[in-house]
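Engineer: Below is the sequence, then the predicted model.
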Amino acid sequence: MFPRRYFFSSLLLLGLVIFMAWRTSDGQKRTACDISSSKKFTVIVLPDTQYYAERWPDIFQSQTRWIVQNKDTLNIQCVVHVGDIVDSYDDHQQWRAANKALQILDDQVPYILAQGNHDIYNNAAHRLSLQLNQYFPVKQFLEKKYWGGSMLPDQIDNYYIRFSAGGLNWLVIALEVFPSDKSLEWAENIIKIHPEHRIMLVTHCYLDLTNKRVERKDRYGPEDYGLCADRTTTTNSGQQMWEKLVKKYANISFVFCGHLSEPKDDTGRLASIGNHGNIVYQFLFDFQERQCGGNGYLAILEFNPEEKTLLIKCYSPYLNQYFTDLEHQFCYSLDLFK
């Protein structure tokens, strides 16, 4: 889906990346990646797992087992789930399947879960996330070294974790689907008291499949659902999140999301300039419309502090197969590592 006018000198094959430098619409230069640095680290993004929880739990488990098996080889620091953990919020069998798959990560790799629209009762005036917090209670995470904190003491609807890698301290903040103004204010306060940390945000709906931030009235945007319809609380689209939060802080570096997918169109990316001249890298990954609910594909983000690059690959542990097209394998030069 990314504009076809950009050309690369080669595909990534057999672990070799030879990309010609190019620029995004925001002027960000992309360059060749050297993935040999011993200081590199990895973040894994788990796209919507709703159909795995519903019908193919073995695929879900293949993802988390692979992550644990490769945590040392890839130096995996964090797993980020973009939401829609399950397909039906009130189906306890799906929640048990999701819990079983994600428990494989416990005490192995830090992970954070964003709340998706399928994870809550979203046809009511208020957000109800009873099952999410029943199967993934705050108390399960409190003793983890990576735990940061939550907006409410008994909910993971909005919370954050921490890790250190590449000579930097990082916070990963998960925000509820179509976050309320109060959630954005909470996140803003967390960011303000951590000015020396780099920030990754994850929320279920943010970008669309045309590499644009979702607007309020867009299909599958906030107003396309009955969530908070009585206006007793607020909702925010991806564009509103950008205006109210993301662009305002120099240390916000990444935003991850899912939610939107078509059979042959399931990624999105956008590099935008924040108020302080910083580049914010925004990514959508969601493979649910492919065979078997996504065939187990996940996103591997390899950070190389020495070369100041980010290499992104999409791989399925279930199939033991990479995507080899340029929509699913690409590289950025980064200004994060000094």
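Structural biologist: Arrived safely.
Engineer: make it CA atoms for all contacts and neighbour counts henceforth
Structural biologist: OK.
Engineer: which stretch of helix or strand covers the spatially most central residue of the chain?
Structural biologist: The chain has Phe256 as the residue nearest its centroid, 3.3 Å off, counting by C-alpha atoms, centre = their mean. When elements are defined using DSSP states H and E, Phe256 is found to belong to strand 252-257.
Engineer: Report the inter-axis angle for the helix or strand that that strand is followed by versus strand 252-257.
Structural biologist: Per DSSP H and E, the first helix or strand lying C-terminal to strand 252-257 is strand 267-273. Strand 267-273 and strand 252-257 are oriented at 160 degrees to each other (axes from the mean of the first three to the mean of the last three C-alpha atoms, to 10 degrees).
Engineer: now strand 267-273, how far from the centre of its chain.
Structural biologist: A distance of 13 Å separates the C-alpha centroid of strand 267-273 from that of its chain, computed with C-alpha atoms, centre = their mean, to the nearest Å.
Engineer: Can you give the strand pairings for that strand, parallel or anti for each?
Structural biologist: Applying DSSP bridges to the sheet, strand 267-273 is found paired with strand 279-285 (antiparallel).
Engineer: Show me the contact partners of the strand it pairs with.
Structural biologist: Strand 279-285 has contacts (C-alpha atoms under 8 Å, 6 or more residues apart in numbering) with 28, 45, 47, 206-209, 247, 252-258, 266-274, 298-299, 335.
Engineer: swap the cut-off to 6 Å and go again
Structural biologist: 47, 253-258, 267-273 (C-alpha atoms under 6 Å, 6 or more residues apart in numbering).
Engineer: Kindly present these as CSV, with separate columns for pLDDT and distance to Gln282.
Structural biologist: Listed next are the contacts of strand 279-285 as CSV, based on pLDDT from 0 to 100; distance: C-alpha to C-alpha, whole Å:
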residue, pLDDT, distance to Gln282
Pro47, 97, 14
Ser253, 98, 8
Phe254, 98, 6
Val255, 98, 5
Phe256, 98, 6
Cys257, 98, 8
Gly258, 97, 11
Thr267, 94, 11
Gly268, 95, 8
Arg269, 96, 6
Leu270, 97, 5
Ala271, 97, 6
Ser272, 97, 8
Ile273, 97, 11
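Engineer: Most widely separated two among those residues?
Structural biologist: Pro47 and Ile273 (25.3 Å; C-alpha to C-alpha).
Engineer: thinking again about what came up before, contacts only, for the residue nearest to the centre of the chain.
Structural biologist: Contacts of Phe256 (C-alpha under 6 Å, 6+ apart): 202, 282-284.
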